[in-house]
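Visitor: Let me see the structure of the following:
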Amino acid sequence: MRPVRSLYPFLLIFGTVSTFAAAQSFRDLPARPITAASQTPPSKSTETPEQKTAHALEAARANDGALNAFLMEMPKGGDLHNHVTGAAYAENYIRWAAADGLCVDRGSRTLTAPPCRETQIEARAALGDPRLYGELIDAWSMRHFVAGTISAHDHFFDTFPKFNAVTNAHIGDIMAELAERNSDANLQYLELMTMPDDSKSIGFGAKFTWDPNLAVLRKKMIEGGLPQLVADARRNLDAWDAQKNATLHCGEANPNTVRPGCGVTIRHVYAALRAFAPEQVFAQLLLAFELANADPRVVGVNMVQPEDWLVPMRDYDLHMKMVSFLHELYPRVHISLHAGELAPGLVPPDGLRFHIREAVEQAHAERIGHGVDVMYEEDPQHLLTEMARRNVMVEICLTSNDVILGVRGKQHPLKMYLKAGVPVALATDDEGVSRSDITREYAKAVEDQGLDYATLKNLARNSLEHAFLAGASLWSDGHRFTMVKECAADHPGEHNTSVPCKVFLKANDRAHEQWRLEKSFVEFEGKF
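Guide: Now for the predicted structure:
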């Protein structure tokens, strides 16, 4: 367990603002009938640690610094929607580009391999030139961006090709960066969207002629060398792990040298690029399912690139059929799909009508990434009911939806999902490009969406309940969070765990991570 920082500075703030903040908070609540129970509220001594912690959040709500201090310490479970290359901060990309001897185009601020041409400058020059350093950060992220000749949407997606030349050699370093940052924020589990084959499946797919008979096309690709791509991808995963572990000193005999980030569990979700020709998209998806079927580190499949681009819009139905076909062949491979990352005006009205529904009903998605346009879909209430019935979770990325789509506050469907009983969890999307982190996502949920502590706690639990981890859940009821019989008599805050519970936790990765989270909640809430 990572070292716990003192909450003393926060508690000082809490002590000075609690009365005012609590008054402000309750003033905004709707009036309710006065009953005998409401006339005699519980005394402070009879409140549970969870209730006292909820009051602390309400007090912290009045001050950004106090809110950050509170949420930084709050256990958050997992981040299930995290694009690895968009997660690194530009400052690290500059450092790595300088170390690798890369060049920067003076006009576009795009990295290229050496030697540097007349229109380029060595990336290391930025380390001694504050102006260039700042310009690169602004070009590779949303920092200081003001919409003008280019939209926020376009600037966001234009950042990736600018720093792409440095990413592949440093995936393990990025994993280390994310593990450290999220450990510091009391997050314990990451699912990273990656391409362990270094996108070679795209070129591989181009060697084949498109055949709508997917069974025939799959057979040709398997016989044409796809297993070798799977083997190469697994070796890349080994190299990434080694790079990450070396950076964080994971596994070293001296515990004083091991970094806290080593305690963050990392899994991968293969990210197929969907803006390519059908045979290239299918090759990526086939590799993804084969790889997830062969390597436990790859726990699922997703499709990425802007949903509003020409090919993803034109071929959306075809892509869902591809995923559905492969799901039948690889039923144990988990599926999460970007769907509904759209807003009115970005695409024609009919483009908002079916993406989430097809991802759920046709492609068997267990999770939906973003789901912003759900209320613009055909019969949205039925869709929400269906998602709740199927227990399909939505990965909510508040900062990303605000920055890219301009969707925030009451425009965001988060509360519609909650009202319908659809499970949701908070996620970062591309925290480096967006200049955010998981704590900031929780802060936006409080400030922008008005969520309370009990709801935030449920969202953190949802993140592990719907993670693509192996094994059974700690919960016999994943909505009420009732523990399975093996652990029902145990308490996460106690040192002695019963033998049946220990056996159960050891046999199930999911339950093990959930137990870790519950222990963290007991420790966190005990401070109040």
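Visitor: can you pull out the strands in this protein?
Guide: 78-83, 103-105, 111-112, 120-122, 189-194, 265-273, 298-304, 334-339, 367-370, 393-396, 424-426, 475-477, 482-483 (DSSP state E).
Visitor: between the ones you listed, which gets nearest to L226?
Guide: strand 265-273 (13.4 Å; CB to CB). Heads up, the C-betas are built off the backbone N, CA and C, glycines and all.
Visitor: Is it possible to get a markdown table of the strands of the chain that adds distance to V258 and mean neighbour count?
Guide: Output for the strands of the chain, formatted as a markdown table (distance: least, CB to CB, whole Å; neighbours: other CB atoms under 10 Å):
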| stretch | distance to V258 | mean neighbour count |
| --- | --- | --- |
| strand 78-83 | 21 | 27 |
| strand 103-105 | 35 | 22 |
| strand 111-112 | 32 | 21 |
| strand 120-122 | 35 | 17 |
| strand 189-194 | 18 | 25 |
| strand 265-273 | 15 | 23 |
| strand 298-304 | 25 | 25 |
| strand 334-339 | 30 | 26 |
| strand 367-370 | 32 | 29 |
| strand 393-396 | 30 | 26 |
| strand 424-426 | 28 | 26 |
| strand 475-477 | 31 | 15 |
| strand 482-483 | 31 | 17 |
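Visitor: okay, now the residue lying closest to K415 once chain neighbours are set aside: neighbour count?
Guide: Spatial nearest neighbour of K415, chain neighbours left out: Q449 (6.7 Å); criterion: CB to CB, 6 or more residues apart in numbering. Neighbours of Q449 under the rule other CB atoms under 10 Å: 18.
Visitor: would JSON lines of the strands of the chain with distance to I150 be doable?
Guide: Output for these, formatted as JSON lines (distance: least, CB to CB, whole Å):
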{"stretch": "strand 78-83", "distance to I150": "21"}
{"stretch": "strand 103-105", "distance to I150": "17"}
{"stretch": "strand 111-112", "distance to I150": "20"}
{"stretch": "strand 120-122", "distance to I150": "22"}
{"stretch": "strand 189-194", "distance to I150": "25"}
{"stretch": "strand 265-273", "distance to I150": "22"}
{"stretch": "strand 298-304", "distance to I150": "21"}
{"stretch": "strand 334-339", "distance to I150": "22"}
{"stretch": "strand 367-370", "distance to I150": "22"}
{"stretch": "strand 393-396", "distance to I150": "26"}
{"stretch": "strand 424-426", "distance to I150": "28"}
{"stretch": "strand 475-477", "distance to I150": "46"}
{"stretch": "strand 482-483", "distance to I150": "50"}
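Visitor: Let me have these in CSV, adding mean pLDDT and distance to F163 as columns.
Guide: Converted to CSV, these look like this (pLDDT from 0 to 100; distance: least, CB to CB, whole Å):
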stretch, mean pLDDT, distance to F163
strand 78-83, 98, 13
strand 103-105, 98, 10
strand 111-112, 98, 6
strand 120-122, 97, 15
strand 189-194, 98, 16
strand 265-273, 98, 17
strand 298-304, 98, 16
strand 334-339, 98, 21
strand 367-370, 98, 22
strand 393-396, 98, 24
strand 424-426, 98, 26
strand 475-477, 97, 40
strand 482-483, 96, 45
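Visitor: Compare these and report which one is nearest to N236.
Guide: Here strand 189-194 is closest among the strands of the chain (CB to CB), at 9.0 Å.
Visitor: Which elements pack onto that closest one?
Guide: In terms of contacts (3 or more CB pairs under 8 Å, 6 or more residues apart in numbering; DSSP states H and E), strand 189-194 is packed against strand 78-83, helix 84-87, helix 171-184, strand 265-273, strand 298-304.
Visitor: what packs against the longest one?
Guide: If contacts are counted by 3+ CB pairs under 8 Å, 6+ apart, helix 171-184 sits against helix 84-87, helix 90-99, strand 189-194, helix 226-248, strand 265-273.
Visitor: Low-confidence ranges, the stretch 151-300 of the chain, go.
Guide: Judged by pLDDT under 70, the stretch 151-300 of the chain has no weakly predicted residues.
Visitor: still on that earlier bit, can you put the helices and strands packed on strand 189-194 in JSON lines and add distance to A60?
Guide: As requested, the helices and strands packed on strand 189-194 are arranged in JSON lines below (distance: least, CB to CB, whole Å):
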{"stretch": "strand 78-83", "distance to A60": "22"}
{"stretch": "helix 84-87", "distance to A60": "27"}
{"stretch": "helix 171-184", "distance to A60": "19"}
{"stretch": "strand 265-273", "distance to A60": "28"}
{"stretch": "strand 298-304", "distance to A60": "34"}
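Visitor: For R367, which of the ones you listed is the nearest?
Guide: strand 78-83 (6.8 Å).
Visitor: tell me what that closest one is packed against?
Guide: Going by 3+ CB pairs under 8 Å, 6+ apart, strand 78-83 lies up against strand 189-194, strand 424-426, helix 453-465.
Visitor: Domain-wise, how is the chain divided?
Guide: 1-73, 87-167, 197-232+269-465, 473-515 (automatic domain parsing).
Visitor: how deep is the closest residue to M175 other than its chain neighbours tucked in, by neighbour count?
Guide: Among residues not flanking M175 along the chain, K244 sits closest, at 4.2 Å (CB to CB, 6+ apart). For K244, the count of nearby residues is 23 (other CB under 10 Å).
Visitor: give the contact list for K244.
Guide: Each residue near K244 by CB atoms under 8 Å, 6 or more residues apart in numbering is listed here: G172, D173, M175, A176, A179, C250, I266.
Visitor: ok, so what distance separates it from L237?
Guide: According to CB to CB, to the nearest Å, K244 stands 11 Å off from L237.
Visitor: What of A169?
Guide: For A169 relative to L237 (CB to CB), the value is 15 Å.
Visitor: Between those two, point out the one with more neighbours.
Guide: L237 (20 against 14).
Visitor: What's the separation between the more buried one and A125?
Guide: Distance from L237 to A125, by CB to CB: 34 Å.
Visitor: What of L136?
Guide: 10 Å.
Visitor: Of the two, which one has the most company?
Guide: Between L136 and A125, L136 has the larger neighbour count (other CB under 10 Å), namely 23 against 14.
Visitor: F504 against M483, yeah?
Guide: No. Contact criterion CB atoms under 8 Å: F504 and M483 do not qualify, at 10.0 Å.
Visitor: Give me the residue at the spatial middle of this protein.
Guide: Centroid-nearest residue in the chain, with CA atoms, centre = their mean: H81, separated by 2.3 Å.
Visitor: got a list of what that one touches?
Guide: H81 neighbours (CB under 8 Å, 6+ apart): E191, M193, S336, G369, E395, C397, A427, T428, D429.
Visitor: ok, now with 7 Å
Guide: G369, E395, C397, A427, D429 (CB atoms under 7 Å, 6 or more residues apart in numbering).
Visitor: and the first one, what does it touch?
Guide: Residues in contact with G369, defined by CB under 7 Å, 6+ apart, are H81, N302, S336, L337, H338, A339, E341, E395.
Visitor: May I see the residues you listed arranged in a markdown table, with distance to A62 as well?
Guide: A markdown table is the format used below for these (distance: CB to CB, whole Å):
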| residue | distance to A62 |
| --- | --- |
| H81 | 30 |
| N302 | 38 |
| S336 | 36 |
| L337 | 39 |
| H338 | 36 |
| A339 | 37 |
| E341 | 33 |
| E395 | 29 |
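Visitor: Tell me the one of those nearest V311?
Guide: H338 (13.9 Å).
Visitor: Counting neighbours, what do you get for the residue lying closest to P500 once chain neighbours are set aside?
Guide: Excluding the flanking residues, the one nearest P500 by CB to CB, 6+ apart is E486, at 4.5 Å. E486 sits with 21 neighbouring residues when counted by other CB under 10 Å.
Visitor: Renumber starting at 35 from here on
Guide: Happy to do that; since the first residue is 35 now, the last one works out to E520.
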